[in-house]
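1. Please work out how this folds:
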Amino acid sequence: MDQASENGSSFPSFRTSPLREKVVGEVHARPFRPITSPRTVLHYAFLTHGDEAAQDHAWLADFCVSHGGHVPAQGARHHTLAFGGGTLSWEQHAEFTTYTWDGAASPDTIFGKVPATHPFGAAFRAPGDLLVAVRLELRAPHEGDQWRHHFDGSSLTVSTLEGGAAVVATDFRQDGDGLTRFLVFNHSLNDVQAGAVVQRLLEVETYRTLAMLGLFEATGLQPDIRRFEIELADLTGQMKDASALGTNQELLDKLTTLAAALEAGATASTFRFGASRAYDEIVKARLSALREEAAPGDLSMAAFLTRRLAPAMRTCQAIEDRQAMLSRKLARATTLLRTSVDVELEEQNRILLQSMNRRARLQLRLQQTVEGLSVAAVSYYVVGLISYLAKAAKESGLPVPNANVTTGLAVPLVVLLVWWLVRRIRKHHGEH
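-> Coordinates of the predicted model:
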């Protein structure tokens, strides 16, 4: 009987991917929490890098234990905890961490004193540098426009949401506590819809702030890119007048150094520009999901943010384009200069080979001269030996004719023999 039968299931048991649980669970991660009116929501986002995220996870676990809550699972990226009559939510993202708390608010006062039960007091440990701070008030519909004096009229945006089911007002400015204020009037949203609207508004503020980080990266790179462009123009102008190999090699070294500096800056900014584009798309998606429309006589959030976000994203794109164009120009200039250097080196090598050929011919002639002299010298010594042998043989009584005649007759034979031996030895060496 197989495992499926033992468990009372009619389906077979398959080997499960280790990522299946994470993938399935990610769809249900960070659900919209129902929120009732009136409510005060405090939202903070901190930039976290490296070990800061792990340290924050450990601190949150101790914080939950000290307040009688459940500890976040190992590797968890979101967690909720009942705190101070409300709910504290923790979320960890790629480069930032958010803490969001909602608590009961007075129905009579808008932007009054923050509930004292919030968790962001002296005992709270910030995981990194603060980037986003939001105070959102969820209220029932209000009579009159007295609430407008809480905002800056020059940047105030008022929009209807979800087809008129709610109205949101904000000026995207910081108040005296450093918090960006949002005021939401709930006309007909149920608790789940209200929670979704609140979460999307918080995400709009968080991601529009993160998207703007790319603008300051771009403005910081502009002076360097301009300097690179001027230097490249100067180097390419020098290439036209350069003719000596040493000068071209010096120019090539400068171009290589310039290309390395450009690529270092481009590599460092790639993540920031890519992240800004992604955050900008999230902001647009959240505004679209809210079905936001401008209230009569007021500016909408989408119109206000587009006026600032769109130029910032175009600036980031322009800097990326300039980096890419400058990189291509540097590559072409380096290729042209390297080709020029290679041609000059080949010309020098050709001249060097011609010189070597001349020296080789001179050496060959000298060798042939030496070979002729060596044949004569060796023949002379061999003939001398024959002369001594002939004289010794005659004195010893052997029937040898005149020694001088014998020596003279031996000369041509010895010369031919030595010449033949030298020629054979040279031919043998030539074959090897």
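
2. okay, now the domains of the protein?
-> 33-190, 213-352, 361-431 (automatic domain parsing).

3. can you put these in CSV and add mean pLDDT, distance to Leu19 and mean neighbour count?
-> For the C-beta atoms, the positions are set from N, CA and C on the backbone; glycine is no exception. Formatted as CSV, the domains of the chain follow (pLDDT from 0 to 100; distance: least, C-beta to C-beta, whole Å; neighbours: other C-beta atoms under 10 Å):
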stretch, mean pLDDT, distance to Leu19, mean neighbour count
domain 33-190, 89, 13, 16
domain 213-352, 86, 22, 15
domain 361-431, 76, 71, 13
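
4. Now tabulate those in TSV and tack on distance to Arg20.
-> Listed next are the domains of the chain as TSV, based on distance: least, C-beta to C-beta, whole Å:
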stretch	distance to Arg20
domain 33-190	15
domain 213-352	26
domain 361-431	75
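
5. of all the ones you listed, which lies closest to Glu205?
-> domain 33-190 (5.3 Å; C-beta to C-beta).

6. Other residues contacting stretch 362-377?
-> Outside stretch 362-377, the residues that touch it by C-beta atoms under 8 Å, 6 or more residues apart in numbering are 415, 418-419, 422, 426.

7. Ok, stretch 304-322 next?
-> 155, 157, 172, 204, 208, 211-212, 214-215, 217-219, 221-222, 225, 229, 269, 273, 276-277, 280, 283, 287.

8. again with stretch 210-221
-> 45, 95-96, 131-132, 265, 269, 272-273, 275-277, 279-280, 283, 308-309, 312-313, 315-316, 318-319, 323.

9. Sitting in helices, which of these do you find?
-> 265, 269, 272-273, 275-277, 279-280, 283, 308-309, 312-313, 315-316, 318-319, 323 (DSSP state H).

10. And for Arg135, nearest residue in space, chain neighbours not counted?
-> Excluding the flanking residues, the one nearest Arg135 by C-beta to C-beta, 6 or more residues apart in numbering is Leu179, at 4.1 Å.

11. that older thread, nearest to Ala331, of the contacts of stretch 362-377?
-> Ala331 lies nearest to Arg426 out of those, by C-beta to C-beta, at 54.7 Å.

12. From Gln367, how far out is that closest one?
-> 9 Å (C-beta to C-beta, to the nearest Å).

13. Over to Phe63?
-> Per C-beta to C-beta, Phe63 is found 94 Å from Gln367.

14. now Leu337
-> 44 Å.

15. picking that back up, wait, which of the domains of the chain is closest to Ser13?
-> domain 33-190 (25.2 Å).

16. still on that earlier bit, export the contacts of stretch 362-377 to JSON lines and append columns for secondary structure.
-> Formatted as JSON lines, these follow (DSSP: H, G, I helix; E, B strand; the rest coil):
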{"residue": "Val415", "secondary structure": "helix"}
{"residue": "Val418", "secondary structure": "helix"}
{"residue": "Trp419", "secondary structure": "helix"}
{"residue": "Val422", "secondary structure": "helix"}
{"residue": "Arg426", "secondary structure": "helix"}
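
17. any idea which of those residues is closest to Val341?
-> Nearest member of those to Val341, counting by C-beta to C-beta, is Arg426, at 42.4 Å.

18. Report the secondary structure element holding Phe124.
-> According to DSSP states H and E, Phe124 maps onto no helix or strand at all.

19. Grab the nearest non-local neighbour of it.
-> Nearest to Phe124 is Tyr99, by C-beta to C-beta, 6+ apart, at 8.0 Å.

20. Regarding the one you found, what is its secondary structure?
-> strand.

21. pretty sure it contacts Thr87?
-> No. The pair Tyr99 / Thr87 is not scored as a contact, 11.3 Å apart, by C-beta atoms under 8 Å.

22. The residue positioned nearest the centre of the chain and Trp147, how far apart?
-> The centroid of the chain falls nearest to Thr267 when counting by C-alpha atoms, centre = their mean (4.1 Å). Here the criterion is C-beta to C-beta. By it, Thr267 lies 48 Å from Trp147.

23. next one: Leu60
-> Taking C-beta to C-beta, one finds Leu60 at 35 Å from Trp147.

24. can you give me the strands in this structure?
-> Counting by DSSP state E, the segments of the chain that form strands are 39-47, 78-83, 86-92, 96-104, 129-139, 157-161, 166-174, 180-186, 293-294.

25. list the helices and strands the third one packs on?
-> On a contact count with 3 or more C-beta pairs under 8 Å, 6 or more residues apart in numbering; DSSP states H and E, strand 86-92 meets helix 51-66, strand 78-83, strand 96-104.

26. Reformat these as CSV; add distance to Glu250.
-> CSV is the format used below for the helices and strands packed on strand 86-92 (distance: least, C-beta to C-beta, whole Å):
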stretch, distance to Glu250
helix 51-66, 45
strand 78-83, 58
strand 96-104, 47
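
27. which stretch among those comes nearest Ser300?
-> Distance to Ser300, taken as C-beta to C-beta, is lowest for strand 96-104 among those, at 24.4 Å.
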